[in-house]
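1. I need the structure of the sequence given here:
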Amino acid sequence: MINKVLWSVVIAGVLAQLIKILIFKFKHKQRFHINDLIVTGSMPSAHSALVTSLVISIYLTEGLTTIFLLAAAFAVVVIRDAFGVRRTAGEEGKIIDKIIRSSKLKIKTFHYSLGHTPAEVTVGIIIGIAASILVYFL
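-> You can find the predicted model right below:
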């Protein structure tokens with residue numbers, strides 16, 4: 001049983017990250033770089049895919065148990081963070097970066113990590129559900 005849970009989580013996370021890389025590379029016409037494997041933000045949300053697959057696969061294998069409820073609570077926190085806190089921090093980072101560039105000060109701009117839009121989170125959730133169902137029934 002643990003293998004199905006593990007496989008669905010791995011497949012959902014990797015699939016979401018690969019889709020994210022392909023969309024980004026196609027959109028920006030860039031070559032693949034090893035750092036692309038850990039890129040954050042953008043379509044789809046790999047975090048949402050991963051935690052959703054964890055919740056769904058635990059439900060499919062264990063039913064409505066305490067571990068399912070713990071996983072669901074964890075997923076709510078992660079998903080809320082993806083399009084709430086991280087998104088807001090990323091938007092603020094972009095604004096600070098613009099202010100620094102327009103002021104022409106000799107201040108090094110910093111890297112900021114964007115969170116996700118609700119659409120990016122929704123697609124991640126769909127990937128997580130699909131991966132869990134696929135692994136469970138195969």
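2. give the contact list for Ser42.
-> With contact set as Cβ atoms under 8 Å, 6 or more residues apart in numbering, Ser42 has these partners: Lys20, Ile23, Phe24, Leu114, His116, Glu120. All C-beta atoms are positioned from the backbone trio N, CA, C, and that covers glycine.
3. Just the element for the last one, please.
-> Counting by DSSP states H and E, the secondary-structure element that holds Glu120 is helix 118-137.
4. Now do the helices in this protein.
-> Shown for the chain, the helices assigned by DSSP state H span residues 2-28, 46-62, 66-83, 85-103, 118-137.
5. looking at the protein, which helix or strand is least sure?
-> Ranked by mean pLDDT, DSSP states H and E, the weakest helix or strand in the chain is helix 85-103, scoring a mean of 73.
6. tell me the angle it makes with helix 66-83.
-> Direction vectors for helix 85-103 and helix 66-83, defined by axes from the mean of the first three to the mean of the last three Cα atoms, to 10 degrees, enclose an angle of 20 degrees.
7. so what's Ala82 up against?
-> Ala82 touches Ser45, His47, Ser48, Gly115, His116, Val121, Gly124, counting by Cβ under 8 Å, 6+ apart.
8. ugh, wrong one, Leu50
-> Contact criterion Cβ under 8 Å, 6+ apart gives Val9, Ala12, Gly13, Ala16, Gly128 as the residues in contact with Leu50.
9. residues near the first one, how many?
-> Read it as Val9. Burial measure for Val9: 24 neighbouring residues, criterion other Cβ atoms under 10 Å.
10. And for the second one?
-> Here the number of neighbours of Ala12 (other Cβ under 10 Å) works out to 30.
11. hang on, isn't it packed against Ala49?
-> Yes - proximity of Ala12 to Ala49 meets the contact threshold set by Cβ atoms under 8 Å, at 4.3 Å.
12. Mind listing the shared neighbours of these two?
-> Any residue near both Ala12 and Ala49 by Cβ under 8 Å, 6+ apart counts here, and that gives Ile127, Gly128, Ala131.
13. Among the residues you listed, find me the one that's closest to Ile58.
-> Proximity of these to Ile58, judged by Cβ to Cβ, is greatest for Gly128, which lies at 11.8 Å.
14. That'll do, ta.
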